[in-house]
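*Asks:* Here's a sequence, model it:
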Amino acid sequence: MPMLLDIQRKLFAKSERVKSLDFHPTEPWLLAGLYSGSVNIWNYETGAIVKTFEVTNVPVRCVKFIARKNWFVAGSDDFQLRAFNYNTHEKVISFEAHPDYIRCLAVHPTGSYVITGSDDMTIKMWDWDKNWRLMQTFEGHTHYIMNLCFNPKDSNTFASSSLDRTVKVWTLGTSVANFTLDAHDKGVNYVEYFHGGDKPYMLTVGDDRTVKVWDYLSKSCVQTLTGHTSNVSFAVFHPSLPLIISGSEDGTVKLWHSNTYRLESTLDYGLERVWCVAYKRNGNDVAIGYDEGAVVIKLGKEEPSVSMDAAGKVVWARNSEVLSANVGATAEETVPDGQRLPVTVREMGTTEVYPQLLQHSPNGRFVTVCGDGEYIIYTALAWRNKAFGSGLGFAWAGDSNTYAVQEGGSKLKVFRNFKERPGLITLAYNIEAVAGGALLAVLGSGFVCFYDWETGALVRRVDVEAKAVHWSTTGELVAVVCDDSFYILRFDREAYAAHLDSGADVEDEGVETAFEVVTEVSESVRTAKWTGECFLYTNSTNRLQYLVGEQTHTITHSDNEIFLLGYIPQHGRVYVVNKDLAIFSYSLSLALVEYQTAILRGDLDAAAELLEQVPADQRNRVARFLETQDLKDLALDVSTDPEHRFDLAISLDNFDTALEIARSGPQVGSESRWRTIGDKALARWNVALAKECFEKAQDLSSMLLVATSTNDRELLTRLAQLATEKGSTNVAFAAYLSLSDVDSCIEVLEKAGRHSEAALFARTYAPSRVSEIVSKWRGELESTNRHKQNEIAASIADPAMNEAAFEEGWKSSLAKEKEVRGKAPKKVNGVASPPDKDFTMTDLFKASDSGLLLVFMEPGPSVSLEEFHEWYDTEHVPLRIHRFPTFRSATRYEVTSTALHPASGTAEVPIAPKSTWGAFYTISSNVVFGEEAYTSLRSQRSEREAELFTRLAIVDRRIYRLDYDSDTDANIKVERKKLGLNVQTQADTPGYLVTNSVDVVEEMQEEYNRWFAEEHVPMLAQVKGWRRSRRFTLIDNGVNGKEAKKGDAEGVPRCLGLHEYDQSGIEQTPEYKRACDTPWRTKVIGPDGRNIVRRERKTCELYRAWDPVAAIEAEGQK
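*Replies:* Have a look, this model is predicted:
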């Protein structure tokens, strides 16, 4: 019987005469060279012209994509070979390749070669990697070269066809043809190789109106195909179907069976003569070029003929060859989701028909092959022919002993144990397809009829335009698949049997109570399978999904087309295949599916037992499923996702749980969470909690509301500072006004450039500052250099110069201000002290810390410790701390332990040298290091210091910029106060320091900085004995000394974490260990620390400290 090919037209484009075509390997593009001299690129999915190139004004006879270079090449009648970048329209090259028309070209599949054939009777090879150098010329033909083709099995050989009636086969590197075929009685227009590995065949066509199949090994003609009535332009083997496609100047395209050489079909699209062809190597699309345009057609279905039984045995067809593999053999291997399975392929045998359908029986004992209008049933193990006959469609019953065959029209046969049951089902409508399962489904035009396998009676007719029907293994559920949606129906066998037992008549539509609709899903299903009551399917967007109840879940999304093979519960994996028959698998827990099924049945006890078997990484999926079933309390217990648990707790009004999640979870991105709880806390009049929440949410407006309502001066102070930092001028002004902090109110207005308002405000609250502000106001106006503004500036009265311009009592206003403001909180250098805390010099210096000078030294054997300390303490440090106010503090520590190591596997990365003494200088501005007064300390050392430096082993000097300081983090102080821990972090010099210098990979640097400030330090702050943590960035360093080596300076990591402690042994406390073992930290440093480039950790014990206040006072006395 003939092949039943479904031929779909995808593109019908009118244009000038098309002389050459080519498909892009990945984009839906068709390249066309036109007789008019233009080159078009069509999107054959949409029909639109993507790009047009005006190449020349003479015919372009050959074009090819070079996708790996984003080029196409074109040969034309002006003797030029051109290459264009199809993305940018740039002309890459244009040169005269032949002294006559260029009729054909071919691109080497892997090399950088293009071969061209011309009317000058020569073939030339060009290398684009060598600036399109001519590499070789092939001579031997005595007429025009019409076509060139590389051998797909040996890319070093190619064939050429010519109007001299011959075909020649050549080898690259040899100028003489390997052999010559006298192929036709007239000119040979085309030559093409067979793609498969089993036949050494070649196609040729000629002006003698024939197509010939050749064995190029024996050089004999295997078959001659006749039927065209004019010159034949081309003939090609289809890459995946057993077809030969030929086109002729008679306007027709003929499809021939490549095994039987039978003419299967003739196509005529009415576009006059046929000239050229192209096909996709990984699909079923074929393009044909005509006098009046181009057509793209799709032959057959792209879904591969493949089937898998319940044990994991996969059978598929490659043309007439049948192959198998067992995915069960890979079940014990740990294969990541989406990775191709390393299966062993075994040859099963062959089939006598071209397989368009392969289908296992439910018990896996038999495999049905349908194709060419026939069916054959084979045994699955031995591949023996068990039964055969005419058939367009096939369906197995659930017992694997009964099956139905669609023979065509309205004829349907049912067999049991391979014996026909004649007359069981008689139909009065045309059958479009059949499907097996608990009932026999017969698809008609606009409806589906379900029949009883036993009696042949109609059970129910469903009026939908179905394209497939899938029965569940339980026989209760059935999926009816339409083009854009599918329905899940439940078959009630008891209701159907009860209707029959009642003796009631069965109407033409069947028994209405036999089916009920469970759900409708708007999804275009491509392939589908059932496992229990779980419906697995792939859709048109290449998603692998499953449906339980009315809820759809996505397993994975693929970039390429995938087709479902099935699910094996013992493996807990879903198996899919792509068009190239590569097999992939994805995990799907059977316990998860069973749990969801139990929930849908309302069996909560059984579900609770199954929950223990559900993998931990699937719990959140379960929780979201429970939420859709309105079981939010249960979802809250199951979920492990803090965000989801928080949303559930809020929806359930479970205030305590929501608060616990917010407090224990990461603070990054938690503002909305805290704001939500704060609103609920206010609704419950829990003002203390509302304060905490709004502070953590940094909700300035709400903080202002609470602070002013409760007259909380501490909160107002923090709010004013935070609002100022964030540039929220109105909130900052309101907070300072509530604090009666007049100076800060004026500063806020001035920073915002609102000098006029600042002057008016000062007139009421701070008359003594009016003159100062008026001067700034005038300066702002005059700086515009505009006449009008200058006039306004001149008209502003200054009470210091024109007191008469103000109302009487100006002096009394100043006196009253002095009296009132004398009772206000004091200010030190413009910073207001809270009422419950004395402002200290330490606070002032802390606010201005902006850098760190860190010097590690190793005296070595040539310098005694007594000499080293005496020089350092009496000369080196005093010259800096007493001379430069920029040096805010100086401390010396003994390095008690050092850990130096690069990242794992990167031993070549340099690391910093070891040293036993460290000096730490807090710097208010790093500008000092460039000042001459400071640099002269190093360039003009004392004689003692210069001589000592020649003997020191290591001098490791580092300058850092301050990036983060825990003392500026109000939340840390609040939390430590709650825990009863010390919050006066700078009352004295810490006894212990830990320096942790680290370089992480560049892409994790920002994440590292956030983790340090938002999780690591807040967790360290809960450790008893912790004082302060800062993070610095290295801006300059150098390593000198007798033992210094080249590259030591490069070994110093750029990021420094400096941690201060009151006591040693902090690292052994549970709180410290928790701070250093969190999921966020693991993410930052990577598994096994793979994100760390290098790291240096030092533990230091205090040796001596210099009081910064005394230092500045000493400098002032000088």
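*Asks:* In the stretch 1-150 of the chain, where is pLDDT below threshold?
*Replies:* Along the stretch 1-150 of the chain, segments meeting pLDDT under 70 span 1-4.
*Asks:* those strands in it, which residues are they?
*Replies:* 7-14, 18-23, 29-34, 38-43, 49-54, 60-66, 71-76, 80-85, 91-96, 102-107, 113-118, 122-127, 133-139, 145-151 (DSSP state E, counting those that start in this stretch).
*Asks:* So for Asp501, which of these sits nearest?
*Replies:* Of all the strands of the stretch 1-150 of the chain, it is strand 7-14 that lies closest to Asp501, at 48.4 Å by Cβ to Cβ. C-beta coordinates here come from the backbone N, C-alpha and C atoms, glycine included.
*Asks:* Please, which helix or strand holds Ala607?
*Replies:* Ala607 belongs to helix 604-611 when assigned by DSSP states H and E.
*Asks:* Can you spell out which helices and strands pack onto the helix or strand following that helix?
*Replies:* Beyond helix 604-611 on the C-terminal side, the first helix or strand identified by DSSP H and E is helix 619-628. Contacts defined by 3 or more Cβ pairs under 8 Å, 6 or more residues apart in numbering; DSSP states H and E place helix 619-628 against strand 551-557, helix 590-601, helix 632-638, helix 642-651.
*Asks:* so which of those gets nearest Arg944?
*Replies:* helix 642-651 (61.8 Å).
*Asks:* List the contacts of the closest one.
*Replies:* 620, 623-624, 627, 632, 635-636, 639, 654-655, 657-658, 661-662, 665-666, 673, 676, 680 (Cβ atoms under 8 Å, 6 or more residues apart in numbering).
*Asks:* and the angle for it with helix 619-628?
*Replies:* Helix 642-651 runs at 20 degrees relative to helix 619-628, counting by axes from the mean of the first three to the mean of the last three Cα atoms, to 10 degrees.
*Asks:* helix or strand right after helix 642-651?
*Replies:* Scanning onward from helix 642-651 (DSSP H and E), the first element met is helix 655-664.
*Asks:* Mind listing residues that contact that next one?
*Replies:* When contacts are defined by Cβ under 8 Å, 6+ apart, helix 655-664 is touched by residues 636, 642, 645-646, 649-650, 670, 673-674, 676-677, 680, 684, 689, 693, 696.
*Asks:* Alpha carbons only: can I get the helix or strand just after it in PDB?
*Replies:* With elements assigned by DSSP H and E, the helix or strand that comes after helix 655-664 is helix 671-683. C-alpha atoms of helix 671-683 as PDB (Å, rounded to 0.1, in the frame of the first residue of the first chain):
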ATOM      1  CA  GLU A 671      11.000  45.300  54.300                       C
ATOM      2  CA  SER A 672       7.500  44.500  53.000                       C
ATOM      3  CA  ARG A 673       7.300  41.600  55.400                       C
ATOM      4  CA  TRP A 674       8.100  43.800  58.400                       C
ATOM      5  CA  ARG A 675       5.800  46.500  57.200                       C
ATOM      6  CA  THR A 676       2.900  44.000  57.000                       C
ATOM      7  CA  ILE A 677       3.500  42.800  60.600                       C
ATOM      8  CA  GLY A 678       3.900  46.400  61.800                       C
ATOM      9  CA  ASP A 679       0.500  47.300  60.400                       C
ATOM     10  CA  LYS A 680      -1.000  44.300  62.100                       C
ATOM     11  CA  ALA A 681       0.800  45.100  65.400                       C
ATOM     12  CA  LEU A 682      -0.600  48.700  65.300                       C
ATOM     13  CA  ALA A 683      -4.100  47.300  64.700                       C
END
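*Asks:* Which elements pack onto helix 671-683?
*Replies:* Checking 3+ Cβ pairs under 8 Å, 6+ apart, helix 671-683 ends up next to helix 642-651, helix 655-664, helix 687-697, helix 700-710.
*Asks:* highest average neighbour count across those?
*Replies:* helix 687-697 (a mean of 21; mean count of other Cβ atoms under 10 Å).
*Asks:* next one: that helix to chain centre, how far?
*Replies:* In terms of Cα atoms, centre = their mean, to the nearest Å, the centre of helix 687-697 is found 37 Å from the chain centre.
*Asks:* got it, and stretch 1075-1083?
*Replies:* 24 Å.
*Asks:* For it, buried residues please.
*Replies:* Ala1075, Arg1081 (16 or more other Cβ atoms under 10 Å).
*Asks:* Give me the average confidence score over that stretch.
*Replies:* Averaging pLDDT along stretch 1075-1083 yields 90.
*Asks:* end-to-end on that stretch?
*Replies:* End-to-end distance of stretch 1075-1083 (Cα to Cα, to the nearest Å): 14 Å.
*Asks:* Check the residue nearest to Gly364 when sequence neighbours are not counted and give its pLDDT.
*Replies:* Once flanking residues are discounted, Gly364 sits nearest to Asp309: 3.4 Å by Cβ to Cβ, 6 or more residues apart in numbering. pLDDT recorded at Asp309 is 92.
*Asks:* picking up where we left off before, what is the orientation angle of the helix holding Ala607 with helix 590-601?
*Replies:* 170 degrees.
*Asks:* Could you chop this structure up by domain?
*Replies:* Domain assignment for the chain by automatic domain parsing gives 590-640, 742-823, 842-1116.
*Asks:* closest one to Ser265 among those domains?
*Replies:* For these, proximity to Ser265 was assessed by Cβ to Cβ; domain 590-640 is nearest, at 45.2 Å.
*Asks:* host element of Ile792?
*Replies:* Using DSSP H and E, Ile792 sits within helix 787-795.
*Asks:* Can you show me the CA trace of the helix or strand following that helix as PDB?
*Replies:* The element immediately downstream of helix 787-795 (helix or strand, assigned by DSSP H and E) is helix 810-821. Taking Å, rounded to 0.1, in the frame of the first residue of the first chain, the C-alpha atoms of helix 810-821 are listed here in PDB:
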ATOM      1  CA  TRP A 810      15.300  91.700  68.400                       C
ATOM      2  CA  LYS A 811      17.800  91.800  71.300                       C
ATOM      3  CA  SER A 812      15.200  90.300  73.600                       C
ATOM      4  CA  SER A 813      14.600  87.500  71.100                       C
ATOM      5  CA  LEU A 814      18.300  86.700  71.200                       C
ATOM      6  CA  ALA A 815      18.300  86.700  75.000                       C
ATOM      7  CA  LYS A 816      15.200  84.500  75.000                       C
ATOM      8  CA  GLU A 817      16.800  82.100  72.600                       C
ATOM      9  CA  LYS A 818      19.900  81.800  74.800                       C
ATOM     10  CA  GLU A 819      17.700  81.100  77.800                       C
ATOM     11  CA  VAL A 820      15.600  78.500  76.000                       C
ATOM     12  CA  ARG A 821      18.300  76.700  74.100                       C
END
